[in-house]
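In: coordinates for the following, if possible.
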Amino acid sequence: MRRVVSISLGTSKRDKSVQTEILGTPFQIDRIGTDGDRKRFAALFSELDGKVDALGVGGCDLYLVIGDREYPFREITQLVSGAKVTPVVDGSGLKHTLERETVQQLQCSGEVDFSKSKTLLMSAVDRYGMAQALHQAGGQVVYGDLLFGLGLPLGVHQYRSVEQLGRILLPIITRLPLQWFYPTGEKQEERKPKFGRMFEWADVIAGDSLFIYRYAPDRLDGKTILTQSVRKQNIDWLRSAGVHRLITTTPVFQGETFATNVMEALLVSLIGKPLAQVQPQDYLDWMAKLEWKPEIQVLNPK
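Out: Residues are numbered from 1 along each chain as shown. Predicted coordinates for the structure are as follows:
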């Protein structure tokens, strides 16, 4: 049996373990939250190195991408450095492929017409592929990087501006402590609604599920949520908030979904190449074999 493990700086209350079979290969998939404990987070990468098939980095990113440049988070890179043998991924490979494909599939199928929708993307630098696909779809998009990443009351309306700001800010941001920009541990469960006018404006709210939960207003009546990792309690909250439908980019296991870092770890173990040799087309080819498609749940009929 192959085993992939996601080690997260997030809360342990979201831990999940699943045994499943994928194209005849048995898998054990685990998510281990460290409640923001950086020492335990780092220790687990060292302890599991060479003992599992792939490791995922959860609750944070190894790097952010703008254009053709990657900007590594210095703090996170150091914390995972204990893994010398086992490949370590943070979901970026799927954010640039699966999430781009998801937007295109939804547009082609007519499930969501992004060209006629108003979309709030919580962060473009965290979801580079989705941001590009939304830009190419041609609809109205607000990129929330300044709003929800830096707390500035400025929505970015042009993807070109995202790239320009990213080249200026990311070299600085990725050298600072992660918790300045992204909640870890129990803080992931805190709600701090802000910039409600942006949520009211949008038809589609896309991006990281924790960002959406943390900053969204109490009511999201009639909205479409496009995200990745959700647990039962997240779905219950979205339903109670009046969300019309939930679309997830990653497959459902036992009624819930894992984050992109877990799914990328699974794919890397199937691809079987050294991580440095894995190309975007490898992910796309395996996603086609696995017939991964967006999962759509209607939570409140219109």
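
In: is it correct that residue 148 is in contact with residue 210?
Out: No. With contacts counted by Cβ atoms under 8 Å, residue 148 stays clear of residue 210, the gap being 10.6 Å. Using the backbone N, CA and C atoms, a C-beta is placed for each residue, glycine as well.

In: need the contact list for residue 247.
Out: Shown in contact with residue 247 (Cβ atoms under 8 Å, 6 or more residues apart in numbering): 102, 106, 111, 112, 224, 225, 226, 227, 294, 295, 296, 297.

In: what packs against the top helix by length along the chain?
Out: Taking DSSP state H as the criterion, the chain has its longest helix at helix 159-173. If contacts are counted by 3 or more Cβ pairs under 8 Å, 6 or more residues apart in numbering; DSSP states H and E, helix 159-173 sits against strand 63-66, strand 69-72, helix 128-137, strand 140-143.

In: just give me the longest strand of this structure.
Out: strand 25-33 (DSSP state E).

In: leaving out chain neighbours, which residue sits closest to residue 42?
Out: In this structure, residue 42 finds its nearest non-sequential neighbour in residue 79, 4.5 Å apart by Cβ to Cβ, 6 or more residues apart in numbering.

In: over to residue 206?
Out: residue 226 (4.1 Å).

In: wait, doesn't the one you found sit right on residue 107?
Out: No. Using Cβ under 8 Å, residue 226 is not in contact with residue 107, being 11.7 Å away.

In: sorry, back to before: off-centre distance for the longest strand of the chain?
Out: Centroid displacement of strand 25-33 relative to its chain, using Cα atoms, centre = their mean, to the nearest Å, is 18 Å.

In: send the alpha carbons of it over as PDB?
Out: Provided in PDB are the C-alpha atoms of strand 25-33 (Å, rounded to 0.1, in the frame of the first residue of the first chain):
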ATOM      1  CA  THR A  25      -3.200   0.800  -6.500                       C
ATOM      2  CA  PRO A  26      -4.200   0.800  -2.800                       C
ATOM      3  CA  PHE A  27      -3.500   4.100  -1.000                       C
ATOM      4  CA  GLN A  28      -3.500   5.400   2.600                       C
ATOM      5  CA  ILE A  29      -4.000   9.200   2.600                       C
ATOM      6  CA  ASP A  30      -3.500  11.100   5.800                       C
ATOM      7  CA  ARG A  31      -3.700  14.700   6.900                       C
ATOM      8  CA  ILE A  32      -1.900  15.700  10.100                       C
ATOM      9  CA  GLY A  33      -2.500  19.100  11.600                       C
END
